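Engineer: Using only what follows, build the 3D model:
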Amino acid sequence: MLLNDDIALPRSIFEIRPGLQLVLGVAGLEERVRTAFVGLERGRYFLMRLPSAAVNGLPALYEYLYQGSQVTVRYLHGGNIWGFSSRVQSYILRPYPLLFADFPARIESHNLRKETRVECLFPVCVRAGELRAQAMLLDISRNGCRLACDASEALAALEVGDGVELECAIFDAVDGRPLGCQVRAVQAAGSRATLGLAFTAVPEDVGRSIEGYLRTVSGLL
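Structural biologist: The predicted structure follows:
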């Protein structure tokens, strides 16, 4: 049966991509299980990949995954932690361990960001050591931003903690000064990779430029 109440379902549930990391809680099991999103069909099911290690590392897991057992699913998307309760429909172990749960009727979120963040689409140049590559700026705040690039690019091989430098007109770096950043998140989905960056040192004039852009866009929205 399809859901008629769209108000309780934020757009984010339909924006998540296969491979997104999930945290699964199972009623009766103290340990949380790290899984990954596989797919969904609105109003029918939410499909997750169970870790192969669960078969050996959590032998008791499958004792709790019976039809109708209560589970909770949490994931990070767009700076929010999203979560919902569901019930197990079924699971399979071959050819791959997969868990089918009811499609959520309601989803709740907790915003992790304290600052204003706005979506945008600007070309940026990324430098990391000898690496120099092009990417697209997807959103920005006073303290960080998110980039997208082709998953085949060398940028997708960056790891959390790596330092990079950005050049972009939005930073008003007309004198060629790049903006220092640290990689906080890397996620690949299909042909696209996204990088979450935190600004490490923002010159005062660049900070004013970013804040001016945020105020302008927020006002228009």
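Engineer: ok, so what distance separates A101 from L197?
Structural biologist: 33 Å (CB to CB, to the nearest Å). (C-beta placed from N, C-alpha, C; glycine too.)
Engineer: again with G19
Structural biologist: Going from G19 to L197 by CB to CB gives 20 Å.
Engineer: Of those two, which one has the most company?
Structural biologist: With neighbours defined as other CB atoms under 10 Å, G19 and L197 compare such that L197 has more, 26 against 13.
Engineer: give me every residue that touches the more buried one.
Structural biologist: Taking CB atoms under 8 Å, 6 or more residues apart in numbering, we find L197 in contact with G144, C145, R146, L147, V164, L166, C181, Q182, V183, R184.
Engineer: Next, the second one: phi, psi?
Structural biologist: If I follow you right, that is C145. C145 adopts backbone torsions of phi -160, psi 180, taken as degrees, to the nearest 10.
Engineer: Please name the bridge partners of it.
Structural biologist: When bridges are called by DSSP bridges, C145 pairs up with I140, L197.
Engineer: wait, it sits on D139?
Structural biologist: Yes. Here C145 lies in contact with D139, judged by CB atoms under 8 Å, at a distance of 6.5 Å.
Engineer: For these two, indicate the residue with more neighbours.
Structural biologist: C145 (26 against 16).
Engineer: E130: neighbour count?
Structural biologist: So E130, with other CB under 10 Å, has 6 neighbours.
Engineer: ok, now how distant is it from S141?
Structural biologist: Taken as CB to CB, the span from E130 to S141 is 29 Å.
Engineer: From the structure, what's the count of residues near Y66?
Structural biologist: Neighbours of Y66 (other CB under 10 Å): 10.
Engineer: what about it, which helix or strand?
Structural biologist: Under the criterion DSSP states H and E, no helix or strand holds Y66.
Engineer: Enumerate every residue touching V164.
Structural biologist: V126, R127, A128, L158, G180, C181, Q182, V183, L197.
Engineer: now swap in I16 and tell me
Structural biologist: F37, Y75, H77.
Engineer: ok so, going back, most neighbours of all the contacts of L197, which one?
Structural biologist: C145 (26 neighbours).
Engineer: Tell me how far it lies from G196.
Structural biologist: Taking CB to CB, one finds C145 at 8 Å from G196.
Engineer: and the top helix by length along the chain, what other elements does it pack with?
Structural biologist: Secondary structure of the chain read by DSSP state H shows that its longest helix is helix 204-220. Judged by 3 or more CB pairs under 8 Å, 6 or more residues apart in numbering; DSSP states H and E, helix 204-220 is in contact with strand 117-128, strand 131-141.
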